[in-house]
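Undergrad: Quick one: sequence and predicted model below, then my questions.
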Amino acid sequence: DAMVIQNPRYQVTQFGKPVTLSCSQTLNHNVMYWYQQKSSQAPKLLFHYYDKDFNNEADTPDNFQSRRPNTSFCFLDIRSPGLGDAAMYLCATSRGGLGITEAFFGQGTRLTVV
Amino acid sequence: AQKITQTQPGMFVQEKEAVTLDCTYDTSDQSYGLFWYKQPSSGEMIFLIYQGSYDEQNATEGRYSLNFQKARKSANLVISASQLGDSAMYFCAMRENNAGNMLTFGGGTRLMVKP
């Protein structure tokens, strides 16, 4: 029944070692988002895809990259994780086009950098 | 400038009582949507309720209702008959029609329900 699935739920990575977080959806939504959320803060949008169109936020570090090979999957790559990248990473989807609809979130991946 | 402002970082409420969480927003867009999400300690972001800028009636979903005052640009969440399981972070968010698909969040309010 899960509609937006993030794997893994918990990820531990070494400082500087590339890591990939994954997100899949069964909703066939054409918009997919990646948010970073640090403790006791609001989620911060890193980037989003509208279909294959990639939209990067101006203040998203180059260390963060994303791939969307098809409608269902989206990946977040952190090329060289630093201690400051430890956070919850939330994937979300929404229907694009006319009208405003809610975004559905996955359960998140909590990233620890050691 | 902040697009979404939640002025209450933390709130207590007695079990079974009602509570109002404040949210004000800033937009020049005529078409926008306002959302409330609940985030328990597990981290998942759970959608609660939605209000469209053209909706004349206040949105309601079970124990949740949204007190939408368009002229004041406020969209407060009202939770009736609080339960212990309502203890969580609550985020107000907005999507503006002219901002594409961006969903902007406020800073959140931590609600604690006392038995």
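TA: Okay, I see it.

Undergrad: Burial check on residue 44, number of neighbours?
TA: I'll assume chain A. Applying other CB atoms under 10 Å in any protein chain shown, we find 17 residues neighbouring A:K44. Every residue, glycine included, has its C-beta placed from N, CA and C.

Undergrad: meant chain B, my bad for not saying
TA: B:E44, neighbours per other CB under 10 Å, totals 18.

Undergrad: which residues does it contact?
TA: A:F105, A:G106, A:Q107, A:G108 (CB atoms under 8 Å, 6 or more residues apart in numbering or on different chains).

Undergrad: what ranges do the strands span in chain B?
TA: B:4-5, B:10-14, B:19-21, B:24-25, B:32-39, B:46-52, B:60-61, B:64-69, B:74-79, B:88-96, B:104-105, B:109-114 (DSSP state E).

Undergrad: could those strands be laid out in JSON lines, adding distance to chain A?
TA: Shown next, in JSON lines, are those (distance: least, CB to the nearest CB, whole Å):
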{"stretch": "strand B:4-5", "distance to chain A": "8"}
{"stretch": "strand B:10-14", "distance to chain A": "10"}
{"stretch": "strand B:19-21", "distance to chain A": "14"}
{"stretch": "strand B:24-25", "distance to chain A": "13"}
{"stretch": "strand B:32-39", "distance to chain A": "4"}
{"stretch": "strand B:46-52", "distance to chain A": "5"}
{"stretch": "strand B:60-61", "distance to chain A": "11"}
{"stretch": "strand B:64-69", "distance to chain A": "13"}
{"stretch": "strand B:74-79", "distance to chain A": "13"}
{"stretch": "strand B:88-96", "distance to chain A": "5"}
{"stretch": "strand B:104-105", "distance to chain A": "4"}
{"stretch": "strand B:109-114", "distance to chain A": "8"}
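
Undergrad: Let me have those strands in TSV, extended by mean neighbour count and mean pLDDT.
TA: Below are the strands of chain B laid out as TSV (neighbours: other CB atoms under 10 Å in any protein chain shown; pLDDT from 0 to 100):
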stretch	mean neighbour count	mean pLDDT
strand B:4-5	19	96
strand B:10-14	13	96
strand B:19-21	19	98
strand B:24-25	19	96
strand B:32-39	23	94
strand B:46-52	18	93
strand B:60-61	12	93
strand B:64-69	18	96
strand B:74-79	22	98
strand B:88-96	24	94
strand B:104-105	21	91
strand B:109-114	17	97
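
Undergrad: In JSON lines, list the ones you listed along with distance to A:A58.
TA: Shown next, in JSON lines, are these (distance: least, CB to CB, whole Å):
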{"stretch": "strand B:4-5", "distance to A:A58": "19"}
{"stretch": "strand B:10-14", "distance to A:A58": "31"}
{"stretch": "strand B:19-21", "distance to A:A58": "30"}
{"stretch": "strand B:24-25", "distance to A:A58": "21"}
{"stretch": "strand B:32-39", "distance to A:A58": "21"}
{"stretch": "strand B:46-52", "distance to A:A58": "27"}
{"stretch": "strand B:60-61", "distance to A:A58": "35"}
{"stretch": "strand B:64-69", "distance to A:A58": "31"}
{"stretch": "strand B:74-79", "distance to A:A58": "27"}
{"stretch": "strand B:88-96", "distance to A:A58": "17"}
{"stretch": "strand B:104-105", "distance to A:A58": "14"}
{"stretch": "strand B:109-114", "distance to A:A58": "28"}
